[in-house]
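Enquirer: sequence? don't have it. structure:
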């Protein structure tokens, strides 16, 4: 293997090597700051070579991985998001955990898995990446060993993810049985060439079930609120962004290859799933008194919105999905980052009451959260608006009027609970205990990360032109 | 660039005011007072010298450009915006003592966004301004409002946001239809005009636009956010809402909805005009059922905006001139009423009219000004409101005598509620023995400026009508209408024929339809 073969794989190799390195260092002596710094270096080392790679060339690695522009974009997104999660974790773990170093090891392994997933074009790499990601997530979610909620969330995620993985495997096996290949492109060829028996659609359905679990699509969303609420806030940030983006990346690639071959029934299923997810997420979020649960339900709804991009016309699907995912990742990281920054050593800042009057105690953090919530709601001048606009464009271009109207209706419903959090933050604090329920100071790393996210959020919201150009050059050549 | 500055100055002033407020609240107030004044001056200059501005590409991949333009109607609306914004700042000089910086930040941003809405020539840009004005308004209501502010603010936000998204879908539909026909992806209004499309497509797209504007206007039955939002907002918020935000809805209909889809607008106009007349009467009826003074004033807005809707869909030069006059007059006089109600509230801390009465003795200046604006609101000749409503009814008469007749009943109802305000608040026994100081010089000055504006526009409306006349005439190219300024006592036979109800109506609508190239 020559160096030129290694460089494209650096986004996967660098985090993995760093994880091993940190493990070795922990063996000789614990140092939190060192572990965090090393993780940042590892993630950056994975990110930098991406900038040098050609967007148009498509490198294939042993038919398992495809490194085209589209994969580069998602690999970059995943690495950058992990970078931010590390920045957010440091202060949080410093306050909360006695042994925080392993958190980074798990985070790096999960990141490597996510990158594999995003670049995979083969069932084997699809599954390997997914498992590397998921197994690390079990532990990340249950990282807070003293807390009951965290353990409960971990066990819940373990069981449901294992079941969904079983569905996924079964589905893959059925499709392999039908066509005798596990490469996406070959499956598509075989499928469109001579159709298939009942095995192929059955396998497809099972894959959808498995992926639906990961993306928290209704009706496979039951785990989401509990896990999001129980997990430590940085782990949730990772779960809600990196894990979702990676799974969606592979789904989009898979669907782009097979969508045309499969025909109509899949579209109907996905349309129904999208509508169901939007309504489930938004309607259930209305009734929550916990900010973490509201954000969890909102992420279910956003998965539903994302499916619109998936279903959209071919010319728009990759672009709309990439932009929306990017906006969603930035926004979600920001929102969970604020939750993490507010959490003190006793517990995460969770109930709406904790946020009451926040704007007068912590104006900067509440300002960031306000911007993030407006972005989730799709108000202009934020990245979320441009993302939603892209979705609407894709929907209108594809003449999917039902989904477009559902998106409009759900945006209106969603606005209510986002605004509820904002109202709580800006209302007068209750006279009560002198001790505020939230942390008094956030770490400089977290503040820096949040400032960066806010800047990106507004930049992509106000002047999205360059980013759209970049996406067109990267994601445009998905097929 | 002047037009860009008209928008940028308040934006920047908002940020500056926020930053300065920690040091000195007075500096913050002065900046907020001067910024709209500067913007006002610039707009006036641009109006006098003409302001053309080349569109700057904003998101070229989508064909979005930062495209602004000003004609007579937008000039008048921008001037109104800055004028009311100055008065809103002045009216809050004493009343707002908490979080002064953020208050003025919001006030400036809403001013800037509304100005942008009146100047935008790119539909995407218009939508962005349309949405951006919601957020600061939401904060104004939720932070400085009265008891039920949270409910009112959320209701207002959701109503306008949901309907705004429908408009966005409509914009996108038009965008793609235009692209299919012309092969160019653009949101530029002037290019999207006269896009040929099937009549059913036009109907749906028109309805999407109409939904947004009807909510904002508001038209019955989607007006329910208005009384809540207006009565719970702080004085400055109510002034901005009643004076300006509603006008954006009217402006949107006038500028976008009808000209873009003339055929659909003509087809639906009988229904919409009926809705408008219902709004006029319903708003007036509910107004005099209120105990809450601020709510009463809010309901009068529903009634007045009915006239605007009626006039727009009558779509002839007379009515449209009237529409702009009503918009300006309502902005000034209702803004004034809200300011006076706010000043009263600062003294008695209630809006409940049952607890008021006999206040004239203790505050004759307040009473006098209220009486004046109540009379303006009922459309007394000599005030701007009379000019507007009269022209609207005149224009409507040519289209439908029945609707004009029923709509005119709204004027009668207005007399009742307007005098009712004065009667219940200032006359009768002073049961609660209120004693408070009359208007201060600052408050008197604000009211006096507003009186002058109403009288000037009422006694000499030519300035206003000459400014907007050519623009309106342009949007009716096939009309052989006489502008109201040139109404001559002697009419030719042909003109008399034109004004026969049935014939006139057909002509108006076929002329409107002809411009759109609707098959």
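Expert: Received it, and whenever you're ready, just let me know what you need. Since the structure is predicted, the reported quantities are computational estimates derived from the model, not experimental observations.

Enquirer: can you pull out the strands in chain A?
Expert: For chain A, the strands defined by DSSP state E cover A:59-61, A:65-67.

Enquirer: strands paired with the first one, and their directions?
Expert: Strand pairing for strand A:59-61, determined by DSSP bridges: strand A:65-67 (antiparallel).

Enquirer: report the mean confidence score over the strand it pairs with.
Expert: On average, the pLDDT along strand A:65-67 is 86.

Enquirer: list the buried residues in it.
Expert: In terms of neighbour count (16 or more other C-beta atoms under 10 Å in any protein chain shown), strand A:65-67 has its buried residues at A:65, A:66, A:67. Where C-beta positions appear, they are placed from N, C-alpha and C, glycine not excepted.

Enquirer: what about residue 201, neighbour count?
Expert: Here I'm looking at chain A. Neighbourhood size, residue A:201 [other C-beta atoms under 10 Å in any protein chain shown]: 19.

Enquirer: right idea, wrong chain: chain B
Expert: Neighbour number of residue B:201 under other C-beta under 10 Å is 16.

Enquirer: can you show me the helices along the stretch 301-450 of chain A?
Expert: For the stretch 301-450 of chain A, the helices defined by DSSP state H, counting those that start in this stretch cover A:317-342, A:358-361, A:363-377, A:383-397, A:401-426, A:444-462.

Enquirer: by mean pLDDT, show me the worst of those helices.
Expert: Among the helices of the stretch 301-450 of chain A, helix A:358-361 scores lowest, at a mean of 85.

Enquirer: off-centre distance for it?
Expert: Offset of helix A:358-361 from its chain centre (C-alpha atoms, centre = their mean, to the nearest Å): 29 Å.

Enquirer: tell me how far residue A:111 lies from residue B:261.
Expert: Using C-beta to C-beta, to the nearest Å, one obtains 51 Å as the distance from residue A:111 to residue B:261.

Enquirer: would you turn the strands of chain A into CSV with distance to residue A:117?
Expert: Converted to CSV, the strands of chain A look like this (distance: least, C-beta to C-beta, whole Å):
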stretch, distance to residue A:117
strand A:59-61, 14
strand A:65-67, 10
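
Enquirer: low-confidence stretches in the stretch 201-350 of chain A?
Expert: The model of the stretch 201-350 of chain A has pLDDT under 70 over residues A:259-263, A:313.

Enquirer: repeat for the stretch 1-150 of chain A
Expert: Residue ranges of the stretch 1-150 of chain A with pLDDT under 70: A:1, A:54-57.

Enquirer: what residues are up against residue 407?
Expert: No chain was given, so I picked chain A. Residue A:407 makes contacts with A:278, A:305, A:308, A:388, A:391, A:392, A:395, B:165, as judged by C-beta atoms under 8 Å, 6 or more residues apart in numbering or on different chains.

Enquirer: I was after chain B.
Expert: B:276, B:277, B:280, B:306, B:307, B:310, B:392, B:393, B:396.

Enquirer: 7 Å - rerun?
Expert: Residue B:407 sits next to B:277, B:280, B:310, B:393, B:396 when contact means C-beta atoms under 7 Å, 6 or more residues apart in numbering or on different chains.

Enquirer: most neighbours among the residues you listed, please name it.
Expert: Among those, residue B:310 has the most neighbours (other C-beta under 10 Å), with 33 neighbours.

Enquirer: that residue is in what secondary structure piece?
Expert: Element membership for residue B:310, per DSSP states H and E: helix B:293-314.

Enquirer: chain center to that helix: distance?
Expert: Distance, centroid of helix B:293-314 to centroid of chain: 10 Å (C-alpha atoms, centre = their mean).

Enquirer: and that helix, what does it pack against?
Expert: helix B:225-232, helix B:246-252, helix B:262-287, helix B:317-348, helix B:384-399, helix B:401-426 (3 or more C-beta pairs under 7 Å, 6 or more residues apart in numbering or on different chains; DSSP states H and E).

Enquirer: dump those to TSV, plus distance to residue A:214 and mean pLDDT.
Expert: Below are those laid out as TSV (distance: least, C-beta to C-beta, whole Å; pLDDT from 0 to 100):
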stretch	distance to residue A:214	mean pLDDT
helix B:225-232	40	90
helix B:246-252	43	93
helix B:262-287	45	92
helix B:317-348	53	92
helix B:384-399	60	92
helix B:401-426	59	90
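
Enquirer: Throw the ones you listed into JSON lines and include distance to residue A:361, thanks.
Expert: As requested, the helices and strands packed on helix B:293-314 are exported to JSON lines (distance: least, C-beta to C-beta, whole Å):
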{"stretch": "helix B:225-232", "distance to residue A:361": "25"}
{"stretch": "helix B:246-252", "distance to residue A:361": "36"}
{"stretch": "helix B:262-287", "distance to residue A:361": "42"}
{"stretch": "helix B:317-348", "distance to residue A:361": "29"}
{"stretch": "helix B:384-399", "distance to residue A:361": "48"}
{"stretch": "helix B:401-426", "distance to residue A:361": "41"}
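
Enquirer: once you drop chain neighbours, what's closest to residue B:420?
Expert: residue B:288 (5.3 Å; C-beta to C-beta, 6 or more residues apart in numbering or on different chains).

Enquirer: and the gap between that neighbour and residue B:303?
Expert: 10 Å.

Enquirer: give me the more crowded residue out of those two.
Expert: residue B:303 (25 against 18).

Enquirer: separation between the more buried one and chain A?
Expert: Remark: distance between residue B:303 and chain A (C-beta to the nearest C-beta, to the nearest Å) = 27 Å.

Enquirer: can you pull the contacts of that residue?
Expert: B:279, B:280, B:283, B:284, B:287, B:410, B:414.

Enquirer: what about the residue nearest to it when sequence neighbours are not counted, how many neighbours?
Expert: In this structure, residue B:303 finds its nearest non-sequential neighbour in residue B:283, 3.2 Å apart by C-beta to C-beta, 6+ apart. Using other C-beta under 10 Å, residue B:283 has 27 other residues around it.

Enquirer: report the contact partners of the closest residue to chain B within the stretch 351-479 of chain A.
Expert: Proximity to chain B, evaluated over the stretch 351-479 of chain A using C-beta to the nearest C-beta, is greatest for residue A:412 at 3.5 Å. For residue A:412, the contact set (C-beta under 7 Å, 6+ apart) comprises B:158, B:161, B:162.

Enquirer: specify which member of those residues is nearest to chain A.
Expert: Comparing the contacts of residue A:412 against chain A with C-beta to the nearest C-beta picks out residue B:162 as the nearest, at 3.5 Å.

Enquirer: now the helices for the stretch 401-519 of chain B?
Expert: Ranges of helices in the stretch 401-519 of chain B, per DSSP H, counting those that start in this stretch, are B:401-426, B:441-459, B:462-474, B:493-499, B:501-516.

Enquirer: in a markdown table, list those along with distance to residue B:343.
Expert: Listed next are the helices of the stretch 401-519 of chain B as a markdown table, based on distance: least, C-beta to C-beta, whole Å:
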| stretch | distance to residue B:343 |
| --- | --- |
| helix B:401-426 | 12 |
| helix B:441-459 | 5 |
| helix B:462-474 | 27 |
| helix B:493-499 | 46 |
| helix B:501-516 | 44 |
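
Enquirer: which among these is found nearest to residue B:187?
Expert: With C-beta to C-beta as the criterion, residue B:187 lies closest to helix B:501-516 of these, at 18.5 Å.

Enquirer: ok, residue A:94 to residue A:88 distance?
Expert: Taking C-beta to C-beta, one finds residue A:94 at 11 Å from residue A:88.

Enquirer: these two: who's more crowded?
Expert: The residue with more neighbours, out of residue A:94 and residue A:88, is residue A:88; 29 against 15, by other C-beta under 10 Å.
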